[in-house]
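Student: Below are the sequence and a predicted model; questions follow.
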There are 2 protein chains.
Amino acid sequence: MTKYKNRQWIYSKRPEKLVDESHYKIQTSTTDCSSLRPGQALLKSEYFSVDPYMRIQQSEKETWEEPHPLNTVQGGAVVGKIIGIKDPHSSLQIGDWVVSYTGWQEYAITETQSLRKLNPKEVPVTTALGILGMPARIAYFGLIEAGKPKKGETVVVSGASGAVGQVVVQIAKIKGCTVVGIAGSDEKTTYLKETLGVDEVINYKQYPSTPEIKKELSKLCPNGIDIYYDNVGGYITDAIFELINRKARIIICGQISQYSGGLDNPELGPRFLHKILYQRAIIQGVLARDYNDRMNEMLQEMTPWVQNNSLKYKETIVEGFENLPNALNMLFYGKNMGKLIVKA
Amino acid sequence: MTKYKNRQWIYSKRPEKLVDESHYKIQTSTTDCSSLRPGQALLKSEYFSVDPYMRIQQSEKETWEEPHPLNTVQGGAVVGKIIGIKDPHSSLQIGDWVVSYTGWQEYAITETQSLRKLNPKEVPVTTALGILGMPARIAYFGLIEAGKPKKGETVVVSGASGAVGQVVVQIAKIKGCTVVGIAGSDEKTTYLKETLGVDEVINYKQYPSTPEIKKELSKLCPNGIDIYYDNVGGYITDAIFELINRKARIIICGQISQYSGGLDNPELGPRFLHKILYQRAIIQGVLARDYNDRMNEMLQEMTPWVQNNSLKYKETIVEGFENLPNALNMLFYGKNMGKLIVKA
């Protein structure tokens, strides 16, 4: 029976600020099909997701669930291939592509019931981590159900060229909104404007303070802001609160500017709740996991959009299992365009 | 024809911090029924409302509407008696009690269509300014429609013994919630607990920092906080964000701690939007004016509650037209219990 050398990235130390390789250890073991219990499969991991939420779970305090336990394999979504299976009731077979939540390890044994089969003839398998995966799910339901976009409204998206942002801006366009995308480089804003059809863009690095970015936003949003889909937080969000319209909807999907240190000891910022009062606005936090059971609904609508190219996307692929912690770190420097994926 | 000497409080100077008599001038003129045009009535003002929102409108910037214009009569709700009328189509008569929005003047000429007739046999006429007036309307719709209280949930109310708060805590009890009221004196917390039946109370002056009041709130809310009805803002609200439950609803009805200076140049406070994210909470600003057209719906439900004493209330009555600006100032020092009213 073939034995597989299995490297695992073990989360071993809580980060105080940024997370990097120093918070992980690599651990090597072997695995083979003889360990499979009934109902299980052995996967070879091919593509790993790295996501900003991973840093949140590394907080010492409970967030949406317990902190990620130390000295365990870093959790996360993976696209892999079945190389062994012990489940006569499953339709899965050796060679099938699947998406799983088995984390940063080269091989994984998992329950077949937790796997979702992918069809590589339909769309590329990596889409299951990005444009048709968790980031797309929260982009879709967050914008549509919390944002309730109406034709002609102005939608501002921060982190607009990231895994979630690139979906939000396009769905907002499909819904007939005027869309302003905020991102951190000219390459990103060019992508937003020229490839994704975003109406107006802001490279926030050219406007490094609230008054500066507020001035630019005022210029680009002459009718005010009806929806703000926030992935970033911090001084950009402060400027938005000055410009929201009556009955504005502010969707908090991420606060990446705050993840490296500001969670347990929050930064100070201007109090803005009186503006929410004047404008009778709504701020709503949204998490992908709340829409887990509606994945198919999203896939049914969005898979054809990806197939016919009306929903475009970028992936940034980093090669090499050994680069996983560094890839996670890249997110906090905004080094990715679209979904950041590590190829085994 | 009788001539009436009419004193008016003219809003004459924008306050930078607190508002007091120095921001007003008294102006005297005369009025009589000969000035009435068709469709108008002459009122004698008997009871004047003073409300925290008045300070907001004195901001230099637009809030929910244009700033209150300088050198005009201070706007506000008034309960008065009709002493002259020129409208054959109206059912109103001389001697009728009405509520109007004619502001701080002893006599007012106004359109009969803008008047709502009161029945002093049903409930005391002053209730039209408080427990069955604007404060009750936003308490009722804000709690029920934005808060969606469910039996067994924990509801925390700041400014709990004020005009709005005293209504919110009682409706929350009627809806089967556990209610924690926060107010600024032992007299107020005793009223909340012993008269209004609030489950737990906090005199915030005994807990003058976020960690202190958070500790007390944690003790009194062992199941966390599902609904926070906020009239106050500032460090109390900061503590709440640490304790909210999943899918919590935070209703922003007032931010009185911020009105005296912090509106145009907001105070700094800890950023909390990541907590809204984790908990998938909702923050919603609510204003009474958004429910103007549903006044009757509220009155139909709440008038019997007031009549049968299942909805209790306090009014703080200040005597004397000349004390109006000082009475407004009292609100910001928390010197009122329940609705603050000035008797002409």
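Tutor: Noted; the coordinates are in hand. Residues are numbered from 1 along each chain as shown, chains lettered A, B, ... in the order given.

Student: Now find how far off-centre the one helix or strand A:K339 maps to is within its chain.
Tutor: A:K339 is part of strand A:339-343 when elements are defined by DSSP states H and E. How far strand A:339-343 lies from its chain's middle: 11 Å, per CA atoms, centre = their mean, to the nearest Å.

Student: helices or strands next to it in the packing?
Tutor: When contacts are defined as 3 or more CB pairs under 8 Å, 6 or more residues apart in numbering or on different chains; DSSP states H and E, strand A:339-343 packs onto strand A:40-49, strand A:315-319, helix A:324-331. (C-beta placed from N, C-alpha, C; glycine too.)

Student: Parallel or antiparallel, list what pairs with the second one.
Tutor: I take that to be strand A:315-319. Partners of strand A:315-319 in the sheet, by DSSP bridges, are strand A:339-343 (parallel).

Student: Can you get me a residue count around the residue lying closest to A:L115 once chain neighbours are set aside?
Tutor: Of all residues not flanking A:L115 in the chain, A:V98 sits nearest, at 4.2 Å (CB to CB, 6 or more residues apart in numbering or on different chains). When neighbours are defined as other CB atoms under 10 Å in any protein chain shown, A:V98 has 22 of them.

Student: One more: the one 3 residues further on?
Tutor: A total of 15 residues lie near A:Y101 under the criterion other CB under 10 Å.

Student: Can you say which of the helices and strands packed on strand A:339-343 is packed in most?
Tutor: By mean neighbour count, with neighbours taken as mean count of other CB atoms under 10 Å in any protein chain shown, strand A:40-49 ranks first of these at a mean of 23.

Student: Using CSV, write down the CA coordinates of that strand.
Tutor: Extracted in CSV, the C-alpha atoms of strand A:40-49 (Å, rounded to 0.1, in the frame of the first residue of the first chain):
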residue,chain,number,x,y,z
GLN,A,40,-14.0,8.3,4.7
ALA,A,41,-11.8,9.4,1.8
LEU,A,42,-8.1,10.2,1.5
LEU,A,43,-7.5,13.5,-0.4
LYS,A,44,-4.4,14.9,-2.0
SER,A,45,-4.6,18.6,-1.5
GLU,A,46,-4.0,20.6,-4.7
TYR,A,47,-5.0,24.2,-4.0
PHE,A,48,-5.2,25.9,-0.6
SER,A,49,-7.3,28.9,0.3
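
Student: After that strand, heading C-terminal, what element do we hit next?
Tutor: Past strand A:40-49, the next helix or strand by DSSP H and E is helix A:53-57.

Student: what's the following helix or strand past that following helix packed up against?
Tutor: Sequence-wise, the next helix or strand beyond helix A:53-57 is strand A:72-73, with elements assigned using DSSP H and E. When contacts are defined as 3+ CB pairs under 8 Å, 6+ apart, strand A:72-73 packs onto strand A:4-11.

Student: got the contact list for the strand it packs on?
Tutor: Applying CB atoms under 8 Å, 6 or more residues apart in numbering or on different chains, the external contacts of strand A:4-11 come out as A:23-32, A:44, A:58, A:68-74, A:103-107, A:321-322, A:324-325.

Student: circling back: how far away from the center of its chain is whatever helix or strand the residue nearest to A:L115 lives in?
Tutor: Element membership for A:V98 (DSSP H and E) is strand A:97-100. Centroid separation for strand A:97-100 versus its chain: 18 Å, with CA atoms, centre = their mean.

Student: Number of residues surrounding the residue of the stretch 101-250 of chain A at minimum distance from chain B?
Tutor: With CB to the nearest CB as the measure, A:G233 is the residue of the stretch 101-250 of chain A nearest to chain B, at 5.6 Å. The number of residues packed near A:G233 is 24, by other CB under 10 Å.

Student: Correct me if wrong: it contacts A:S257.
Tutor: Yes - the pair A:G233 / A:S257 is scored as a contact, 4.9 Å apart, by CB atoms under 8 Å.

Student: Buried residues in stretch A:74-94, which are they?
Tutor: Across stretch A:74-94, burial judged by 16 or more other CB atoms under 10 Å in any protein chain shown covers A:74-87, A:90.

Student: Name the nearest of the residues you listed relative to B:G197.
Tutor: A:G75 (47.1 Å; CB to CB).

Student: Can you classify the closest one as helix, strand or coil?
Tutor: At A:G75 the chain is in coil, as set by DSSP: H, G, I helix; E, B strand; the rest coil.

Student: Kindly report the residues of the stretch 101-250 of chain A close to chain B.
Tutor: A:D230, A:G233, A:G234, A:T237, A:R246 (CB under 8 Å from any CB of the partner chain).

Student: For those, which entry has the maximal number of neighbours?
Tutor: Result: A:D230 is most packed of these (other CB under 10 Å), 27 neighbours.

Student: so what's A:S161 up against?
Tutor: A:S161 is in contact with A:G181, A:A183, A:K188, A:T189, A:Y191, A:L192, A:K314, A:M337, A:G338, counting by CB under 8 Å, 6+ apart.

Student: again with A:P69
Tutor: When contacts are counted by CB under 8 Å, 6+ apart, A:P69 touches A:Y11.

Student: coming back round to it: please spell out which residues along the strand holding A:K339 are buried.
Tutor: For strand A:339-343, burial by neighbour count (16+ other CB under 10 Å) applies to A:K339, A:L340, A:I341, A:V342.
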